Every structure is written in C-alpha cells, then in structure tokens.
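> quick one, fold the following:
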Amino acid sequence: DLQHASPATISRCGMVYVDPKNLGYVPFWTKWVNGRAQDEERVVLRSLFDKYVPPCIDRILDGIEDGKAVARLHGIIPQTNLNMVTQLCNMMAAMLPSDTVDEAIIEAVFVCALTWSV
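Numbering: from 1, shown residues only. Here you go, the predicted structure:
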C-alpha cells in the first residue's frame, strides 16, 4: 500500500507516485473516451463532458456555481472527483449502445449516467 509509504521507499522501488488530488479526473476520462470505437461518438462525448461534468463537480465538491461560492452539498458517502468520473464512465459503458452516433441518444444516456454517478 503506497498510501502510507515514505518518498524514500517509493524511490527505492523505482516508482513514481502521483497523488490523486494532483492528477485529477481528466486523464481517466481522456483514456476512457479514446477507447471508444467511433470518432463521431468521441467528439460528442467530449463536448458533453466539457459542458456538464466540471460545473457539476465544482458545485458538489467545492460549492462553486457560476464562479461564485455557494453552500457545498453534503454527501452521505464522501467521494473524490475521480470516483465520480469513474462511475460516470462505467455507467456510460454499460448503458450506451455501441452502434449509435445519434447525438440526442448519446446526450440522453450521458445525462442519465451523470445524474446517477455524480
């Protein structure tokens, strides 16, 4: 478990440890969306992600809405932004038809998955 290891231990093992707080959720999303088969679908998914996910995560975790500080939402189970995006990707993978490029269907599935994952 590297969570409690010292930097010296990690360097002796030849590993590079990056704290999840510093890494963020965008690399996970990028890898997942690049794994999708159709180019048109990837373009739509990227635009939907940019439209919905950062504002939702900012509102939930940081209490920021339209650039202004508001009351943070209180969750029963604490989650990180990476947990939320991982759940979103898993739900999208399960719900999204593999043969569709219809933007309306992709957005409907995306919003449904976003509602239940974030």
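
> export stretch 30-39 as CSV, just CAs?
Extracted in CSV, the C-alpha atoms of stretch 30-39 (Å, rounded to 0.1, in the frame of the first residue of the first chain):
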residue,chain,number,x,y,z
THR,A,30,-9.4,11.0,-21.8
LYS,A,31,-8.3,7.4,-21.7
TRP,A,32,-11.8,6.1,-21.4
VAL,A,33,-13.2,8.3,-24.3
ASN,A,34,-10.2,7.5,-26.5
GLY,A,35,-11.1,3.8,-26.1
ARG,A,36,-14.5,4.3,-27.7
ALA,A,37,-14.7,2.9,-31.3
GLN,A,38,-16.4,5.7,-33.3
ASP,A,39,-14.9,9.1,-33.9
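
> going forward can the numbers begin at 38, since that is how I track them
Taking 38 as the first residue, the last one we looked at is stretch 67-76.

> which residues are in contact with that stretch?
With contact meaning C-beta atoms under 8 Å, 6 or more residues apart in numbering, stretch 67-76 is reached by 79, 82-83, 86, 126, 130, 135, 138. The way it works is simple: take the backbone N, C-alpha and C, and place the C-beta from them, glycine included.

> how about stretch 82-94?
With contact meaning C-beta under 8 Å, 6+ apart, stretch 82-94 is reached by 62, 66, 70, 73, 102, 118, 121-122, 125, 129, 143-144, 147-148, 151, 155.

> of those residues, which belong to strands?
Among the contacts of stretch 82-94, the residues falling in strands (DSSP state E) are Glu102.

> of the contacts of stretch 82-94, which is the most crowded?
Per-residue neighbour counts (other C-beta atoms under 10 Å) across the contacts of stretch 82-94 peak at Leu125, which has 25 neighbours.

> quick check: that one touching Ser154?
Yes - assessed by C-beta atoms under 8 Å, Leu125 is found in contact with Ser154 at 4.2 Å.

> so who does the residue minimising distance to the centre of the chain touch?
Per C-alpha atoms, centre = their mean, the C-alpha nearest to the average position across the chain is that of Val122, at 2.2 Å. Taking C-beta under 8 Å, 6+ apart, we find Val122 in contact with 62, 65-66, 90, 94.
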